[in-house]
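Trainee: sequence isn't available, so here's the structure alone:
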């Protein structure tokens, strides 16, 4: 298991790489992550020209297309500041796959390696760089945490989300069955093998609901799109109007719990 | 599941076979229970994460070292085995391997072959080849015996009959074994199988086995097993034929203990298997038992193709423990038969394309969420997710000259390639990205309520009315 790296000192400035999923589908999660960082006294810079890390094409077997998109992102972070990414999956792409992706291009490979060293998944950054100590201002509640496979196995940051939630005095984190198992998203896997992906997300939602937690939180919006999308579909089938499994990005949950 | 017989185009019908299983709650629960059992057994053998990591790194290094010297080790192995009196045969294809084995059988006018567990013999479909010339090939591993009785194929490389319940096995024995009353008592079932098999060992003309490690320096064939059937198959009949892939070689005996320890702990959660056989030659003049002839068939069947490419070569590090299957959320959902290949699960997805070509196996690499559970437990650290991505690339790229694999470009589609090129054109250009996503956010109500397979079990995706970049601008 990879150990998260920690920066020697607390930075004044960070870049924020939102990811295309957050930009388009979960903008509130991005705002909340930025607000959390700013509240810690960090200046957050959002390069306007950012788009996507390139992972969808990369994992689908189109590395040339991924490379074109990734090459554009390489140019967006000129200062030596940490790059904070509110997704273990996209952070994993930039940290671990960019150097491989540009292996044949010495200039870009060097850029990719330099960038790789500055990539932080959000919860890792909050815990291991900022030593974020949340003060829980909410009332008693039980949540369940879903950690993405990339956060767990590629980034090795599966403990930081738990640690952040554990720091909230009135929040109980429920244990789910088969916690470390994939939710079945896997990018284009979900549409190329819909039967298998559907079975996986069905089991995941069942396990999350069985905990009795009032909501699911995750540091990856790709998983949330899949999990919440299936939970809402189930609700619709059952004629429910109120979501039986609400969910949100961990940044939104943390911000709300620690705000008045 | 026997109606979905394996064929030479495993890709065809993969989704249909997978669907059959995921829609069967009984099978779903049964696979889940079986895999959980194996996962839990494995983890009891690795209580210390650091020790596990050290051992996995050692396992990886040993396998990579030996693969690095594979050509010269194969020559050395042949010399050592020949010196020990073991006859070595080389087979490039399954047909060649079958012809060699049948040739030996016919030389001895063999009528009955007892088989210890061997996945390579499944790979070459030896039982069919034997049947075609009137030789009875009898499986002696209990799991293999069960699937053979049922007319099926193994659904797992370590636990061939893991897809069967004890009640199904009870019915099978009652129907297929003469004079057996129905019993679902596991001990009684084992005794029934044992009695049938014991008699066969005594009269078999040929004993066939696989090989877990072939040691080049000493000319030793190592065989790992739990039931003693491997030892009987390799010692009771007058002729022993071993068959294995060319990659199963190690240079020194010293390389065996770490790999053996990783293998048994990863596969079945045992610190050591019940039997570990080291075969170093036929019966000697002063010995009272053992086969008078020992043969080794070394099979290529696509392995040299994997070997030739630096990245794909890692596929050959595999020691066939099956841990990747046990931990795979896809295998757990669909079981082994759905894959339609001799080797199912994650290892099957990365090795089968070399044996059968990418055309026959193109969809298999897409049947993974790339969750990484396989790579995480692999005792020799095969980067299975990276290899799956590589296979996707090999399959979907336009056919080109000098491909690394047979069937490169088999999954190529002009339309799909255009979609990704279009995607890249948008996402590499901030202006285009800005325009497309702006339109998406403003006209999200235009998003269709049916979004292909996504909405088969999920609500449709809808972009938020404002993008993060819009919200940030408004805030200023």
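Mentor: That came through fine. Only a predicted model underlies this, so the values are computations on that prediction, with no experimental measurement involved.

Trainee: tell me who's in contact with whichever residue of the stretch 1-150 of chain A sits closest to chain B.
Mentor: Nearest residue of the stretch 1-150 of chain A to chain B: residue A:61, at 2.8 Å (Cβ to the nearest Cβ). Every residue, glycine included, has its C-beta placed from N, CA and C. By Cβ atoms under 8 Å, 6 or more residues apart in numbering or on different chains, the residues touching residue A:61 are B:365, B:389, B:391, B:392, B:393, B:394, B:395, B:396, B:397.

Trainee: take those residues and lay them out in TSV including secondary structure.
Mentor: As requested, the contacts of residue A:61 are exported to TSV (DSSP: H, G, I helix; E, B strand; the rest coil):
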residue	secondary structure
B:365	helix
B:389	helix
B:391	helix
B:392	helix
B:393	helix
B:394	helix
B:395	helix
B:396	helix
B:397	coil
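
Trainee: ok, back up a step: got a list of what the closest residue to the residue of the stretch 1-150 of chain A closest to chain B other than its chain neighbours touches?
Mentor: Computed as Cβ to Cβ, 6 or more residues apart in numbering or on different chains, the closest residue to residue A:61 that is not its neighbour in sequence is residue B:392, at 2.8 Å. Residue B:392 sits next to A:59, A:60, A:61, B:365, B:366, B:411 when contact means Cβ under 8 Å, 6+ apart.

Trainee: surely the second one touches residue B:420?
Mentor: Pointing back at residue A:60 there. Yes - under the criterion of Cβ atoms under 8 Å, residue A:60 makes contact with residue B:420 at 7.1 Å.

Trainee: who's more crowded, the two?
Mentor: The neighbour comparison of residue A:60 against residue B:420 (other Cβ atoms under 10 Å in any protein chain shown) goes to residue A:60, with 23 against 19.

Trainee: for that one, which non-adjacent residue is closest in space?
Mentor: In space, and not counting its chain neighbours, residue A:60 is closest to residue A:188: 4.8 Å by Cβ to Cβ, 6+ apart.

Trainee: show the average pLDDT along the helix or strand harbouring residue A:100.
Mentor: Under the criterion of DSSP states H and E, residue A:100 resides in helix A:98-101. In this model, helix A:98-101 carries a mean pLDDT of 97.

Trainee: so what touches it?
Mentor: Counting by Cβ under 8 Å, 6+ apart, A:54, A:58, A:63, A:66, A:67, A:70, A:74, A:109, A:112, A:113, A:115, A:116 sit against helix A:98-101.

Trainee: just the mean pLDDT for whichever helix or strand comes after that helix, thanks.
Mentor: In the C-terminal direction, the helix or strand that comes right after helix A:98-101 (DSSP H and E) is helix A:106-116. On average, the pLDDT along helix A:106-116 is 98.

Trainee: likewise stretch B:374-390?
Mentor: Mean pLDDT, computed over stretch B:374-390, is 98.

Trainee: can you show me the strands along the chain?
Mentor: All of this is about chain A. A:13-16, A:43-45, A:83-85, A:119-121, A:141-146, A:171-174, A:215-218, A:247-249 (DSSP state E).

Trainee: that's the wrong chain, I wanted chain B
Mentor: With DSSP E as the criterion, chain B has strands at B:86-91, B:112-115, B:136-139, B:206-209, B:213-215, B:220-225, B:239-245, B:249-250, B:275-279, B:293-299.

Trainee: touching the third one from outside, list them.
Mentor: What that stands for is strand B:136-139. By Cβ under 8 Å, 6+ apart, the residues outside strand B:136-139 that reach it are B:111-115, B:117, B:126-127, B:130-131, B:145, B:147-148, B:197, B:200, B:204, B:208.

Trainee: among those, name the buried ones.
Mentor: B:112-115, B:117, B:126-127, B:130, B:145, B:147-148, B:197, B:200, B:204, B:208 (16 or more other Cβ atoms under 10 Å in any protein chain shown).

Trainee: closest one of those to chain A?
Mentor: If you rank the buried ones among the contacts of strand B:136-139 by distance to chain A using Cβ to the nearest Cβ, residue B:147 comes first, at 23.5 Å.

Trainee: quick revisit: who wins for neighbours among the contacts of residue A:61?
Mentor: Compared across the contacts of residue A:61, residue B:391 has the highest neighbour count, 28 neighbours, by other Cβ under 10 Å.

Trainee: about what we covered before: quick one: closest of the strands of chain B to residue A:177.
Mentor: Checking the strands of chain B against residue A:177 by Cβ to Cβ gives strand B:220-225 as the closest, at 32.9 Å.

Trainee: quick one: mean pLDDT for the closest one?
Mentor: Strand B:220-225 comes out with an average pLDDT of 98.

Trainee: can you spell out which helices and strands pack onto it?
Mentor: If you count contacts as 3 or more Cβ pairs under 8 Å, 6 or more residues apart in numbering or on different chains; DSSP states H and E, strand B:220-225 packs onto strand B:213-215, helix B:229-235, strand B:239-245, helix B:256-268, strand B:275-279.

Trainee: let's have these in TSV, adding distance to residue A:27, mean neighbour count and mean pLDDT.
Mentor: Below are the helices and strands packed on strand B:220-225 laid out as TSV (distance: least, Cβ to Cβ, whole Å; neighbours: other Cβ atoms under 10 Å in any protein chain shown; pLDDT from 0 to 100):
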stretch	distance to residue A:27	mean neighbour count	mean pLDDT
strand B:213-215	56	25	98
helix B:229-235	61	25	96
strand B:239-245	52	25	98
helix B:256-268	44	21	98
strand B:275-279	60	18	98
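
Trainee: CSV for those, including distance to residue A:171?
Mentor: Listed next are these as CSV, based on distance: least, Cβ to Cβ, whole Å:
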stretch, distance to residue A:171
strand B:213-215, 52
helix B:229-235, 55
strand B:239-245, 53
helix B:256-268, 37
strand B:275-279, 51
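
Trainee: residue A:229: which of those is closest?
Mentor: Nearest of the helices and strands packed on strand B:220-225 to residue A:229, taken as Cβ to Cβ: helix B:256-268 at 35.4 Å.

Trainee: and the closest one, how far out from the chain's middle?
Mentor: The chain centre lies 16 Å from the centre of helix B:256-268; the measure is Cα atoms, centre = their mean, to the nearest Å.

Trainee: quick revisit: quick one, which of the helices and strands packed on strand B:220-225 is nearest to residue B:460?
Mentor: Evaluated with Cβ to Cβ, these place helix B:256-268 nearest to residue B:460, the distance being 42.3 Å.

Trainee: turn the strands of chain B into a markdown table, columns for distance to residue B:341.
Mentor: Shown next, in a markdown table, are the strands of chain B (distance: least, Cβ to Cβ, whole Å):
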| stretch | distance to residue B:341 |
| --- | --- |
| strand B:86-91 | 19 |
| strand B:112-115 | 20 |
| strand B:136-139 | 19 |
| strand B:206-209 | 21 |
| strand B:213-215 | 24 |
| strand B:220-225 | 23 |
| strand B:239-245 | 15 |
| strand B:249-250 | 24 |
| strand B:275-279 | 28 |
| strand B:293-299 | 16 |
